[in-house]
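>>> Sharing a model that was predicted from the sequence below.
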Amino acid sequence: MKTRIKICGLTREADVDAAVAAGADAIGFVFYPPSPRYVTPERAAELACRVPPFVDVVGLFVNATADDVATTSATVPLNLLQFHGDETPEFCRSFARPWLRAARVRPGLDLVEFARSYSNARGLLLDAFVEGYGGGGHVFDWMLIPPDLPGYLVLSGGLHAGNVGDAIRRVRPVAVDVSSGVEAGKGIKDHDKIAAFVAAVRAAEAAVGSI
Ligand SMILES: O=C(O)c1ccccc1NCC(=O)[C@H](O)[C@H](O)COP(=O)(O)O
């Protein structure tokens, strides 16, 4: 089965074009001001105009106010909201728009219980537990992922062309998400790394599919 790909933290037109051309299924904009990948809703709206139909535009929030989420959602044509902070299930559900719940994985976090409490999410994005909430370029221990995790699993955290094949073979996520692993610098994507990442995903899914 196809492993879908989200490229996150885009800030430039050329990088949006490169992600789309490489075959990304989703691109992500970070609406968290402390992040070096932060873009304003107005900037994201400009960038989103370059995204063709059937490529999702994902808006990422960390403990934003309901007004900020609503205002951003009215400014940018977001297909999915991604909540990456401490947002409650009620908060996540309150925008009448599909959403992803990020879980910052660490020992002791009951991921099955976490997934059940966010059962209305379109998917559970498993990321490393890093300072600054995300975008850290760190791999968490995939052995912490329970085999009976309900819902759709999006694997994130420190992925790159060199490890995403192993990630797909071991975890079998429905999608993978990457930011640092395809960058030349924070918020500056490396187009060769994007292409290499997508190629590695395609090679791995072909190999898994043949098993
Ligand atoms: O990308 C950021 O700067 C960021 C900041 C705060 C919260 C979340 C953030 N990114 C969320 C993502 O979905 C990233 O793609 C994910 O954390 C993986 O990042 P990386 O390990 O750098 O590939």
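Thanks, I have it. Values in this document were obtained by computation on a predicted structure and should not be read as measured data. Numbering: from 1, shown residues only.
>>> Contact residues of this protein facing the ligand?
Within the chain, the residues that sit near the ligand (C-beta under 6 Å from any ligand atom) are 8-9, 28, 30, 32, 35, 37, 60, 62, 84, 127, 132-137, 156-159, 177-181. For the C-beta atoms, the positions are set from N, CA and C on the backbone; glycine is no exception.
>>> Could you list which of those residues belong to helices?
Using DSSP state H, no member of these sits in helices.
>>> Any chance of a PyMOL selection covering the buried ones in these?
Here is the PyMOL command that selects the buried residues among these (16 or more other C-beta atoms under 10 Å):
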select buried, resi 8+9+28+30+32+35+37+60+62+84+127+133+134+135+136+137+156+157+158+159+177+178+179+180+181
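>>> Next up, the contacts around the residue nearest the centre of the chain.
The centre of the chain sits closest to residue 177, judged by C-alpha atoms, centre = their mean, with a distance of 4.4 Å. If you count contacts by C-beta atoms under 8 Å, 6 or more residues apart in numbering, residue 177 has them with 5-6, 8, 28, 125, 127, 154-156, 159.
>>> Can you pick out the most distant pair from these?
Farthest-apart pair in the contacts of residue 177 is 5 and 127; separation 15.5 Å (C-beta to C-beta).
>>> just to revisit the earlier point, take the contacts of residue 177 and keep only those in strands.
5-6, 8, 28, 125, 127, 154-155 (DSSP state E).
>>> can you tell me which of those residues lies nearest to the ligand?
Top of the list for closeness to the ligand, among the ones in strands among the contacts of residue 177 and by C-beta to the nearest ligand atom, is residue 8 at 3.3 Å.
>>> how close does the closest one sit to residue 54?
As judged by C-beta to C-beta, to the nearest Å, residue 8 and residue 54 stand 18 Å apart.
>>> quick one on the thing from earlier: quick one: the contacts of residue 177 as a markdown table, columns for pLDDT too.
Listed next are these as a markdown table, based on pLDDT from 0 to 100:
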| residue | pLDDT |
| --- | --- |
| 5 | 98 |
| 6 | 98 |
| 8 | 98 |
| 28 | 98 |
| 125 | 98 |
| 127 | 98 |
| 154 | 98 |
| 155 | 98 |
| 156 | 98 |
| 159 | 98 |
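>>> so can I have a markdown table of the residues you listed showing distance to residue 165?
Formatted as a markdown table, those follow (distance: C-beta to C-beta, whole Å):
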| residue | distance to residue 165 |
| --- | --- |
| 5 | 13 |
| 6 | 17 |
| 8 | 19 |
| 28 | 22 |
| 125 | 20 |
| 127 | 19 |
| 154 | 17 |
| 155 | 12 |
| 156 | 16 |
| 159 | 10 |
